[in-house]
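1. I would like the atomic coordinates for the input below:
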Amino acid sequence: MPDFIPFNRIFKDNEERKALAGALEGDCWHGDGPASRRVEAYLSEWLGSPHVFLTTSCTHALEMAMMVLEIGEGDEVIMPSFTFVSTANAVRMRGARPVFAEIREGDLCLDPEDVAQRTTPSTRAVIPVHYAGISVDFDGLRAALDGREIAIIEDAAQAVGAFWNDQALGTVGDIGCFSFHDTKNITCGEGGAFLTADPELARKAEWVREKGTNRSAFLRGEVDKYTWVSPGSSYIPSDLLAALLEAQLRKKEQILEARGKVWHVYRDFLAEAAENGWIRLPVVPSYARTNYHIFHFHTRDAGDRDMLLQKLREAGIGATFHYVPLHDSPYARKHIGFRDALPRTEELAGSLIRLPVYPGLEPICKEIAERVVSVISHFYQNR
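-> Presented below is the predicted three-dimensional model:
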């Protein structure tokens, strides 16, 4: 086993090289070319979403969601504080206010009970984040919204190929947003996708991602010229990136199987440490089918986290923490005026450790798990 296991490594082989070489030989390097159309059609069929638009990132898909829903000044959008800053930035860029809510212990997803307490007449949308590829509790979330006209925008950046019951994440709410960043299970380096089943939202999304024009309708022959019809920006990725993504998607089952093996080995080997009360393991609810994007655990006390991380790194394991909660960030304190404490979020974020999970670790995952268990055992037995 190598002396040091990095936290992430892209899963690639000659298929990506061949796909990119083929795209380079073609005459279309811009967006919405043949590879882009094939990938969008593939995602649509695989996930069951009638409208799929590739984007330059999940960040841009979230920004598109705000624009097509016409969220703006005076509006509020509820989201977990335990998320990447893009979730909140998309809201702030429209002049709306992020309202941070608690997450649940176990799955680290948005807590529907806390959402219900934070909903006001100004609430226009809620953004559940499917942390680690584990679905939010949609039944609980819909009950919390109590039939009000509040859009559900899924931040499914980590959840490509994960499911809520038998429905693909990204297709359950009004809008779904994916990431294909190179830290994700399936990647093209930088990229994302915007999904919706609503034809009106899809029509607006097509305008927004095409710089606010109806150029796509023109290319389909639906209008005799195209013009400026809405706010928008340039959210269309190059066809070269789509070609890479197409090669990755062909290996999605292989990637899922390998990551699942690593994930389950970690969980099995760390079960005794959890039984000893040293750590807490992740929980996958019965309605969730994960894509094994992240394996995390929590230290017994938040104060243990940084010391244990250091011990793991000294043992050659590229473990790491994750998000610093947004509600306690300098920007949120100064510009949003969010003053509530979120003690559960703070404790869970402060005690979280992530272990490396990627297909290349499948042959050595048992040795890695043994090393991790040894470090945890030595750490707690000598405190």
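
2. When you work out contacts or count neighbours from here on, use the C-alpha atoms and nothing else.
-> OK.

3. And the helix or strand of the chain with the lowest mean pLDDT, what's buried?
-> Between all helices and strands in the chain, the lowest mean by mean pLDDT, DSSP states H and E belongs to helix 215-219, at a mean of 86. Buried residues in helix 215-219, counted by 16 or more other C-alpha atoms under 10 Å: 215, 217.

4. who does it touch, helix- and strand-wise?
-> Identification of packing neighbours for helix 215-219 by 3 or more C-alpha pairs under 8 Å, 6 or more residues apart in numbering; DSSP states H and E yields helix 199-209.

5. residues in contact with the following helix or strand past the least confident helix or strand of the chain?
-> Per DSSP states H and E, the first helix or strand lying C-terminal to helix 215-219 is helix 239-249. With contacts defined as C-alpha atoms under 8 Å, 6 or more residues apart in numbering, helix 239-249 is touched by 12, 15-16, 19-20, 23-24, 28-36, 38-39, 180, 186-191.

6. how about 6 Å then?
-> 16, 19-20, 23, 29-31, 33, 35-36, 39, 186, 188 (C-alpha atoms under 6 Å, 6 or more residues apart in numbering).

7. likewise stretch 29-48?
-> By C-alpha under 6 Å, 6+ apart, stretch 29-48 touches 50, 52, 168, 236-240, 242-243, 246.

8. how would you label the most centrally placed residue in the chain: helix, strand or coil?
-> Residue closest to the average C-alpha location in the chain (C-alpha atoms, centre = their mean): Ala157, at 2.1 Å. Secondary structure state of Ala157, per DSSP: H, G, I helix; E, B strand; the rest coil, is coil.

9. what's around Asp14, how many residues?
-> Just to correct that, residue 14 is Asn rather than Asp. Residues lying near Asn14 (other C-alpha atoms under 10 Å) number 9.

10. Model confidence for Gln254, exactly?
-> We have a pLDDT of 98 for Gln254.

11. again but with Val223, I slipped
-> pLDDT at Val223 comes out at 89.

12. Just give me the neighbour total for it.
-> Residues lying near Val223 (other C-alpha under 10 Å) number 13.

13. For it, what are phi and psi?
-> phi -140, psi 160 (degrees, to the nearest 10).

14. what about the residue lying closest to it once chain neighbours are set aside, distance to Leu43?
-> Spatial nearest neighbour of Val223, chain neighbours left out: Ala217 (6.2 Å); criterion: C-alpha to C-alpha, 6 or more residues apart in numbering. As for Ala217, its distance to Leu43 is 21 Å (criterion: C-alpha to C-alpha, to the nearest Å).

15. For the stretch 201-350 of the chain, which residues score under the pLDDT cut-off?
-> Flagging of the stretch 201-350 of the chain using pLDDT under 70 yields an empty set of residue ranges.

16. what's the angle from the helix ranked longest in the chain to helix 239-249?
-> What stands out as the longest helix in the chain, according to DSSP state H, is helix 252-275. For helix 252-275 against helix 239-249, the angle by axes from the mean of the first three to the mean of the last three C-alpha atoms, to 10 degrees is 60 degrees.

17. so how far is helix 252-275 off the chain centroid?
-> With C-alpha atoms, centre = their mean, to the nearest Å as the basis, helix 252-275 stands 19 Å off its chain's centre.
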